[in-house]
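K.L.:
Have a look; sequence and predicted model below, questions after that.
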Amino acid sequence: MTSRINTNFTLIPNQKYRRSNRRSCYLSKAFDSDSQPLSTLGNFKALPLEIFQIILKYLTVKDISMLSMVSKAVSQHIINYISSSSGNKRLLLQDFHKLELSGRRQDSALLEHYRSLGLLFKRCTLLLPTKERLKYIHKILAEVSCFKFSGCAAPIQCLGLPCYGMFLQTLTAGWDELECHRVYNFLCELTNLSRKMQTIVCSKPGSARKLELRIRLFCRNVLLDHWTHRSDSAFWLTRILKPWPMVNQARLLYIIFGPISPQDGQVVWQKMVEGPTDESSLKGLADAIKLLYDTDTKEWTADDVISLVDELSVVPREWLLENNARLLILSGNNICFTFMASKAVNGRATELARLIVFLALVCEKELYCMDWVVKMMQKVCKVFSTPMERNNFLQSVANAFACIIMEMMQLVMSGEYSYRDEDDRSFLNLFHLVHAQANFHKEVLYLTMNTLST
């Protein structure tokens, strides 16, 4: 007879439950009872918000940026930290005027900080629509007065706008053009930029010097200078220029990239009119022209850029031809040839001949190869449709050399200058022009003899 096993007894566990075990079981149940968004916090959900923010204080901005990508809930906690007074104070560094004593190292460190901060905001606001992202970011950055268009009393010595530009560049890198359009429109509404530009393009050059300076600093430091890809710089420069007629585009281009006074940073309007200038005064304008010409964009044709160069050469009044020639040389072969070919096609051979003379003069002064001018002239000659037009142009070049030398000689002999240094400069200019003519014709003879020998 088989005995039946009694199962009506209490099972004794192999190991007794301790208080710590009961506590861990309780925490486990508490974790499971949390809502779904909080579960993405992982072990951070067991921490009070204050402790989480204390942990963030020990992380670099780059580390916080990486942490924000863990989950939406973590990102929201970081956004709350950024909005808090402690986070705001720690992240929005404002030592923009204390850099003269510490030198360039702290300068670059501050820019790098705002680059990292831009990446943090980019990641934290990733799921928001562009309009909401911009509103939130503006709400946070509005605390920094040096980020505002006219917020700083000493804008030239301030690093605020460059930091703001570095932040925006990092934030918007990789955005499509439609989103970047929205960013530009948002900034224009925020700063009333379009109205301010209208004021300076419609008034006499130099009559609103402080506003010109503010616009130059904002456009350069915030919108243009921090991009590594030329196509991005061209996009933002196009946004600035394209809403305006060509004459106003030329004025804005001069304000943003033209020569400035080393004392107060204000635009020097008479620099191109009063006398020959140096390469440094024209390099910014030349680089901007090349940017618009070389970048593959449908918004700028070759004719548009050449028209802009032509319009620029009369801002605020007609430039000295030597300065015009120097700008064309700095702008590169393609722009220089296209500009000269346009004059040839439009029957302006006399203007073109005088331009050739000043191209030769600049090459002589700067010790550039004179054969470049001769080859450029040879290339332009092919634009003329008939041999007669070509011969008339070559005759105009020879006549232009003679006329300009006589003009300079009469200026030196008249003694109209009241200062000795101006008289010396005029004589030196004549000296360079005579040598330019000799070297130019030497290169023409070389080219002719080489052609005959082949």
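P.N.:
Perfect, I can see it now.

K.L.:
only C-alpha atoms for contact and neighbour calcs from this point on.
P.N.:
OK.

K.L.:
And stretch 194-209, how far out from the chain middle?
P.N.:
Relative to its chain's centre, stretch 194-209 lies at 21 Å (CA atoms, centre = their mean, to the nearest Å).

K.L.:
For that stretch, give me every contacting residue.
P.N.:
By CA atoms under 8 Å, 6 or more residues apart in numbering, the surrounding residues in contact with stretch 194-209 are 188, 211-212, 215, 248, 251-252, 266-267, 269, 316.

K.L.:
Equivalent analysis for stretch 154-169, please.
P.N.:
94, 96-97, 107, 110-111, 114-119, 146-148, 152, 214, 217-218, 221-223, 225-227, 264-265.

K.L.:
And the contacts of stretch 194-209, which of them are buried?
P.N.:
Buried members of those, scored by 16 or more other CA atoms under 10 Å, are 211-212, 215, 248, 251-252, 266-267, 269, 316.

K.L.:
Kindly reformat these as CSV containing distance to M377.
P.N.:
As requested, the buried ones among the contacts of stretch 194-209 are arranged in CSV below (distance: CA to CA, whole Å):
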residue, distance to M377
L211, 42
E212, 39
I215, 39
N248, 32
R251, 30
L252, 32
Q266, 38
V267, 34
W269, 31
P316, 29
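
K.L.:
among those residues, which two are most distant?
P.N.:
N248 and Q266 (18.8 Å; CA to CA).

K.L.:
before we move on, the earlier item: mind checking which of the contacts of stretch 194-209 land in helices?
P.N.:
In this view, the contacts of stretch 194-209 that belong to helices under DSSP state H are 188, 211-212, 215, 248, 251-252.

K.L.:
pLDDT and distance to T238 for the residues you listed - can I get that in CSV?
P.N.:
As requested, these are arranged in CSV below (pLDDT from 0 to 100; distance: CA to CA, whole Å):
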residue, pLDDT, distance to T238
C188, 97, 14
L211, 97, 21
E212, 97, 19
I215, 98, 15
N248, 97, 13
R251, 98, 14
L252, 98, 12
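
K.L.:
Report the two of the residues you listed separated the most.
P.N.:
Farthest pair in the ones in helices among the contacts of stretch 194-209 (CA to CA) is C188 and R251. Separation: 18.8 Å.

K.L.:
buried sites along the helix or strand containing S280?
P.N.:
S280 is part of helix 279-294 when elements are defined by DSSP states H and E. Within helix 279-294, the residues scored as buried using 16+ other CA under 10 Å are 281-294.

K.L.:
same check, this time on stretch 269-277
P.N.:
Buried residues in stretch 269-277, counted by 16+ other CA under 10 Å: 269, 271-273, 276-277.

K.L.:
if we can go back for a sec, name the nearest of the contacts of stretch 194-209 relative to E351.
P.N.:
Once CA to CA is applied, the member of the contacts of stretch 194-209 that ends up nearest E351 is P316, at 19.8 Å.

K.L.:
Any stretches of the stretch 351-454 of the chain with poor pLDDT?
P.N.:
Within the stretch 351-454 of the chain, the stretches with pLDDT under 70 are 415-423.

K.L.:
Low-confidence ranges, the stretch 201-350 of the chain, go.
P.N.:
Along the stretch 201-350 of the chain, no part satisfies pLDDT under 70.

K.L.:
Buried residues of the longest helix belonging to the chain, list them for me.
P.N.:
Ranked by residue count, the top helix of the chain under DSSP H comes out as helix 420-453. Buried residues in helix 420-453, defined by neighbour count with 16+ other CA under 10 Å: 423, 426-427, 429-430, 432-434, 436-437, 439-440, 443-444.

K.L.:
where does W244 land in three-state SS?
P.N.:
The three-state label given to W244 by DSSP: H, G, I helix; E, B strand; the rest coil is coil.

K.L.:
Kindly report the same for L361.
P.N.:
Using three-state DSSP, the structure places L361 in helix.

K.L.:
could you pull out the helices for the stretch 1-150 of the chain?
P.N.:
19-33, 36-39, 49-57, 61-67, 72-83, 85-91, 99-102, 104-124, 130-141 (DSSP state H, counting those that start in this stretch).

K.L.:
Dump those helices into a markdown table; add mean pLDDT as well.
P.N.:
Rendered in a markdown table, the data for the helices of the stretch 1-150 of the chain read as follows (pLDDT from 0 to 100):
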| stretch | mean pLDDT |
| --- | --- |
| helix 19-33 | 40 |
| helix 36-39 | 47 |
| helix 49-57 | 86 |
| helix 61-67 | 94 |
| helix 72-83 | 90 |
| helix 85-91 | 92 |
| helix 99-102 | 52 |
| helix 104-124 | 89 |
| helix 130-141 | 94 |
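
K.L.:
want to try JSON lines for the ones you listed, with mean neighbour count and distance to T172 as columns?
P.N.:
Conversion of the helices of the stretch 1-150 of the chain to JSON lines gives the following (neighbours: other CA atoms under 10 Å; distance: least, CA to CA, whole Å):
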{"stretch": "helix 19-33", "mean neighbour count": "11", "distance to T172": "38"}
{"stretch": "helix 36-39", "mean neighbour count": "13", "distance to T172": "28"}
{"stretch": "helix 49-57", "mean neighbour count": "14", "distance to T172": "25"}
{"stretch": "helix 61-67", "mean neighbour count": "18", "distance to T172": "16"}
{"stretch": "helix 72-83", "mean neighbour count": "19", "distance to T172": "18"}
{"stretch": "helix 85-91", "mean neighbour count": "14", "distance to T172": "19"}
{"stretch": "helix 99-102", "mean neighbour count": "12", "distance to T172": "27"}
{"stretch": "helix 104-124", "mean neighbour count": "19", "distance to T172": "8"}
{"stretch": "helix 130-141", "mean neighbour count": "14", "distance to T172": "10"}
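
K.L.:
ok, residues contacting the helix or strand harbouring I306?
P.N.:
For I306, the enclosing helix or strand under DSSP H and E is helix 302-312. The contact list for helix 302-312, computed with CA under 8 Å, 6+ apart, reads 246-247, 249-251, 253-254, 289, 292-293, 335, 338-339.
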